[in-house]
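Engineer: sequence and predicted model, in that order:
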Amino acid sequence: MADMRLTLRNPDFSTSTRIADAINQHFSGSAVAENPTIVRIKPPTGQGMQQFVTQVEELEVDPDEPAKVVIDEVSGVIVMGDKVRLSTVAIAQGNLTISVQETPQVSQPGPFSQGVTTTVSQSQLKVDEEKGKKLIILQKSASLSSLVAGLNALGVTPRDMISILQAIKAEGALQADIQVM
């Protein structure tokens, strides 16, 4: 029986595996993720390729999205995904002080719910605009959206925010790609 290879536009191991898993969940043994770019598929016995591919096209798969910050320096627009994270870093911007504190919390399922106990992070952001402050430390796993929300609340200009983000990336503490337009 003939097989077909699906080629991913954005190669990714997680996404190719998710596609193969989704297909195999509906058509057991019909898909193999060969690499981050190719998923090999074959129709189940007794089904034609066109009918099979039509059914495969209807399956929903959440692709793995890279952490990314897109900056348009001309307009001052900053766009970021929710997967963007910060490693521990110290920041000083003029008289601006930013601190992020991560507090782990336990999420307990209800009795007899067959849920799983997990640990989640609770972020607390504090921003001060005073003279005489020293470098502050952002703790590992702080979300960039928390930092940007604090900067926005203070009225930091987009140009300053872009400079801060680029400096954090240059230091290696921004766990995302920056694309400058």
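Structural biologist: Structure received. Numbers count the residues shown, from 1 in each chain.

Engineer: secondary structure element for the residue sitting furthest away from the middle of the chain?
Structural biologist: Largest separation from the mean C-alpha position in the chain: Gly46, at 40.7 Å (C-alpha atoms, centre = their mean). Gly46 belongs to no helix or strand when assigned by DSSP states H and E.

Engineer: for Val69, see how far away it is.
Structural biologist: 49 Å (C-beta to C-beta, to the nearest Å). The C-beta positions use only the backbone N, C-alpha and C, and glycine is treated the same way.

Engineer: tell me the mean pLDDT over stretch 81-101?
Structural biologist: Per-region confidence: stretch 81-101 scores 68 on mean pLDDT.

Engineer: ok, residues contacting stretch 26-40?
Structural biologist: 3-8, 11-13, 15-17, 19-21, 23-24, 41-44, 52, 55-56, 59 (C-beta atoms under 8 Å, 6 or more residues apart in numbering).

Engineer: taking the residues you listed one by one, which sit in helices?
Structural biologist: 13, 15-17, 19-21, 23-24, 52, 55-56 (DSSP state H).

Engineer: which one of those is nearest to Ala173?
Structural biologist: Nearest to Ala173 among these is Phe13, at 25.2 Å by C-beta to C-beta.

Engineer: who touches that closest one in this structure?
Structural biologist: Listed by C-beta under 8 Å, 6+ apart, the contact partners of Phe13 are 33, 35-36.
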